[in-house]
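K.L.:
any chance you could fold what I've pasted below:
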Amino acid sequence: MMATDAPNAVMDCRKGRGASPGLAAGPLLVLEEGGAGAARTTGPPEREAADLRAAMTAAGEDLATLIAAAGDEAAEGMLAFQLALLEDEALTEGAFVAIATGIAADAAFRAALDAQIADYAAAEDAYFRARASDMEDLRDRVLRRLAGVEDGDLPGDAIIVARDLAPSRFLAIPWSGGGLALGRGSATSHVAILARARGVPMVVGLVDTGGLEDGAPALLDGEEGTLTVRPDETTTAAFDRLRRDRAERRLVEAEFLPKPAVTADGQRVRVMINIAGPDDLAAVDPAHVDGIGLVRTEFLFDGRDRLPDEEEQLAVYRRILDWAGDRPVTIRTLDAGGDKPIPGLTRVGETNPFLGVRGVRLSLRRPEVFRVQLRALARAATSGTLKVMVPMVSVPEEMAQCRALFGSVMEELKSEGAPAALPPLGMMVEVPAAALTVDAFGADFLSIGSNDLIQYTMAASRDEPELASLAEPSPAVMELIRRVAAHGVAAGREVSLCGDLGGDPRYVPALLAAGLRSLSMAPPAAAAVKAAVSRWRAIL
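P.N.:
This is a model prediction of the structure:
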């Protein structure tokens, strides 16, 4: 049991939003903004310049080590971008010029990077705005090295509190039972994705992270989104009971994982998984799921200096199909734009990228890129049960254009004598206009993207902590889901759901009641969802 840090300590409870499930208990470690560490003694310009070069070299070695240990393409892409920045002499030239005039190395480097960060953050293009945080991460990494602080010094068993935490710094922490609480961030951020993949409890959107002291005992609940500092004995005892209860619950849920998902009244429900690439399949037994309901192909395009060619895409698609065997695999065509900008492909200067040229809108405007992906998919379709899904469809004409383009690609491959097959072509239902007129679309199957459907229906960004309540499935959203599911039954078209709702056991009853019988989710959620399915019974 955790004791309080002083006899008269006052318990402090703070509420945010759960981003990665799990419970953690340990001492607080509060990271200051920037986290550069202790002040350093400055010297003559020659030594300051040498110290900065040494710090940059050490930071580059840190990044190279993290890239080698990352284990997934998304993390590698984030880190590779920072390494490329570090090797760009134009980025740091101003710092060395300032050092020559007598400015300390840390002040000179901070000023040089801050100017670049400000330019990135103010850019109209979403890609550059998103990369501002990467530059902040790089700045702080070099400054920590200048101050003699190594990221490995951060304990993995503490409750780390910060306004925000860069992905590379998260990856450098040797997590061993601790947790993460952020004032900023969201449940869909890069760090949240990494935390869920590594089983690190995480809370975001605390808003107020002030007044917290290093070493104070704390309890973190990544499901409920709470941070309790200096808990009293009653609260600590309740937390210990909750930990035992959840451990028992996980053991019970694990028994459902190898079994088919069946409701209490005998209805079969398909439980599929969402992945961002083949690496996500390493710890998943294909016998435990009914297939892959969503492959996000953005991982093939992100963090690169060139777009992937046909052969590269084909090899990856075949790896995924080989894993699945005879189970269906639904691969989504490139969903670039919005919060997923790709240099050289997505539009520059869009005032509102989420409402701009993204998803299928971009693909149809860049047919030379779209055709490469469709060719690779058609060739991969001979290797398994492949289905292709188009994102961000708003009007029937978009599906008609995609189908015509796919047909053209098939004729092209046939004339070349290349083995290929035309897979079923479906669509994401994530735009309210599509949900309201779903019967007008020529799609072979439908998959509801609950994240964007909620965002667009409620006109509220899913990444804004203060609007977290609007990111929950409202009656309006559930009505749209019911409408799409009912159409599927009437038209004999398969309907699934592949957004975050599908992996949240709290909403499984409502989704089943709405008529869905196919859910796709992050792999770690499959056991809990199957258990939730087993408890549900239709009300006649």
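K.L.:
just give me the residue right at the centre of the chain.
P.N.:
The centre of the chain sits closest to residue 193, judged by CA atoms, centre = their mean, with a distance of 4.1 Å.
K.L.:
just to be sure, that residue is in a strand?
P.N.:
No - assessed with DSSP: H, G, I helix; E, B strand; the rest coil, residue 193 is helix; it does not lie in a strand.
K.L.:
what pLDDT is listed against it?
P.N.:
pLDDT for residue 193: 75.
K.L.:
equivalent analysis for residue 358, please.
P.N.:
Residue 358 is assigned 87 on the pLDDT scale.
K.L.:
specify the beta-bridge partners of the nearest residue to it once chain neighbours are set aside.
P.N.:
Nearest residue to residue 358, sequence neighbours excluded (CB to CB, 6 or more residues apart in numbering): residue 337, at 2.5 Å. For the C-beta atoms, the positions are set from N, CA and C on the backbone; glycine is no exception. Residue 337 has these beta-bridge partners by DSSP bridges: residue 340.
K.L.:
I'd guessed residue 337 sits against residue 365; true?
P.N.:
No - using CB atoms under 8 Å, residue 337 makes no contact with residue 365, being 10.6 Å away.
K.L.:
tell me which of the two has more neighbours.
P.N.:
Higher neighbour count among residue 337 and residue 365: residue 337, with 27 against 11, using other CB atoms under 10 Å.
K.L.:
poorly predicted segments of the stretch 351-500 of the chain, please.
P.N.:
Along the stretch 351-500 of the chain, the model assigns pLDDT under 70 to residues 351, 462-465.
K.L.:
that older thread, hey, what's in contact with both of residue 337 and residue 365?
P.N.:
Here residue 337 and residue 365 share the contacting residues residue 357, scored by CB atoms under 8 Å, 6 or more residues apart in numbering.
K.L.:
and the helices in the stretch 301-450 of the chain, which stretches?
P.N.:
310-324, 360-365, 367-380, 396-416, 432-436, 450-458 (DSSP state H, counting those that start in this stretch).
K.L.:
contacts for the longest one, please.
P.N.:
Taking contacts as CB under 8 Å, 6+ apart, the residues outside helix 396-416 that touch it are 333, 360-361, 363-364, 367, 370-371, 374-375, 378-379, 388, 390, 393, 420, 422, 425, 427, 437, 440-443.
K.L.:
return the members of those residues classed as buried.
P.N.:
333, 360-361, 363-364, 370-371, 374-375, 378-379, 388, 390, 393, 420, 425, 427, 441, 443 (16 or more other CB atoms under 10 Å).
K.L.:
relative to residue 454, how far out is residue 353?
P.N.:
18 Å (CB to CB, to the nearest Å).
K.L.:
past the helix or strand bottoming out on mean pLDDT in the chain, which element shows up next along the chain?
P.N.:
One helix or strand of the chain scores below all others by mean pLDDT, DSSP states H and E: helix 73-86, with a mean of 71. Under the assignment DSSP states H and E, the closest C-terminal helix or strand after helix 73-86 is helix 89-100.
K.L.:
could I get the buried residue list for that following helix?
P.N.:
Buried-residue list, helix 89-100, by 16+ other CB under 10 Å: 91, 92, 94, 95, 96, 98, 99.
K.L.:
now those residues in a markdown table, with pLDDT?
P.N.:
Output for the buried residues of helix 89-100, formatted as a markdown table (pLDDT from 0 to 100):
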| residue | pLDDT |
| --- | --- |
| 91 | 78 |
| 92 | 83 |
| 94 | 88 |
| 95 | 90 |
| 96 | 92 |
| 98 | 91 |
| 99 | 92 |
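K.L.:
out of these, the closest to residue 293 would be?
P.N.:
Set against residue 293, the nearest of the buried residues of helix 89-100 by CB to CB is residue 91 (41.4 Å).
K.L.:
how about the helix ranked longest in the chain: buried residues?
P.N.:
Looking across the chain with DSSP state H, the single longest helix is helix 45-70. Of all the residues in helix 45-70, those buried under the rule 16+ other CB under 10 Å are 45, 48-49, 51-52, 55-56, 58-60, 62-63, 66-67, 70.
K.L.:
packing partners for it?
P.N.:
helix 73-86, helix 89-100, helix 105-121, helix 126-146, helix 167-172 (3 or more CB pairs under 8 Å, 6 or more residues apart in numbering; DSSP states H and E).
K.L.:
with adjacent residues omitted, what lies nearest to residue 361?
P.N.:
Per CB to CB, 6+ apart, closest to residue 361 is residue 392, 6.3 Å.
K.L.:
you'd agree the one you found is up against residue 433?
P.N.:
No - at 11.2 Å, residue 392 does not count as touching residue 433 under the criterion of CB under 8 Å.
K.L.:
and these two? which has more neighbours close in?
P.N.:
The neighbour comparison of residue 392 against residue 433 (other CB under 10 Å) goes to residue 392, with 24 against 11.
K.L.:
contacting residues for the more buried one?
P.N.:
335, 337, 358, 359, 360, 361, 428, 430, 431, 452.
K.L.:
kindly recompute the last result at 6 Å.
P.N.:
358, 359, 360 (CB atoms under 6 Å, 6 or more residues apart in numbering).
K.L.:
redo those as CSV? Include distance to residue 223.
P.N.:
Shown next, in CSV, are the contacts of residue 392 (distance: CB to CB, whole Å):
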residue, distance to residue 223
358, 31
359, 31
360, 35
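K.L.:
and of those residues, the nearest to residue 509?
P.N.:
residue 359 (30.3 Å).
K.L.:
isn't that closest one right up against residue 391?
P.N.:
Yes - counting by CB atoms under 6 Å, residue 359 touches residue 391, with 4.0 Å between them.
K.L.:
joint contacts of the two?
P.N.:
Common neighbours of residue 359 and residue 391 (CB under 6 Å, 6+ apart) are residue 335.
K.L.:
export the buried residues of helix 89-100 to CSV and tack on distance to residue 321?
P.N.:
Below are the buried residues of helix 89-100 laid out as CSV (distance: CB to CB, whole Å):
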residue, distance to residue 321
91, 42
92, 45
94, 50
95, 49
96, 51
98, 55
99, 55
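K.L.:
for the residue nearest to residue 358, give its distance to residue 170.
P.N.:
26 Å.
K.L.:
and if you look at residue 256?
P.N.:
31 Å.
K.L.:
more neighbours: which of these two?
P.N.:
residue 170 (24 against 21).
K.L.:
check contacts around that one.
P.N.:
191, 194.
K.L.:
where does residue 184 sit: helix, strand or coil?
P.N.:
Going by three-state DSSP: residue 184 is coil.
K.L.:
my read: it touches residue 164, true?
P.N.:
Yes - judged on CB under 6 Å, residue 184 makes contact with residue 164 at a distance of 4.3 Å.
K.L.:
residue 509: what's its closest spatial neighbour, skipping adjacent residues?
P.N.:
residue 536 (5.2 Å).
K.L.:
per-domain residue ranges of the protein.
P.N.:
The chain breaks down into these structural domains: 12-35+152-249, 45-148, 255-535 (assignment by automatic domain parsing).
K.L.:
for the last one, measure first residue to last.
P.N.:
Okay, so that is domain 255-535. The separation between the terminal residues of domain 255-535, taken as CA to CA, to the nearest Å, is 14 Å.
K.L.:
just the second one next, same as before
P.N.:
Across domain 45-148, the terminal residues are separated by 19 Å (CA to CA).
K.L.:
and the strands in the stretch 401-540 of the chain?
P.N.:
Under the criterion DSSP state E, counting those that start in this stretch, strands of the stretch 401-540 of the chain are mapped to 425-429, 445-448, 494-497, 518-521.
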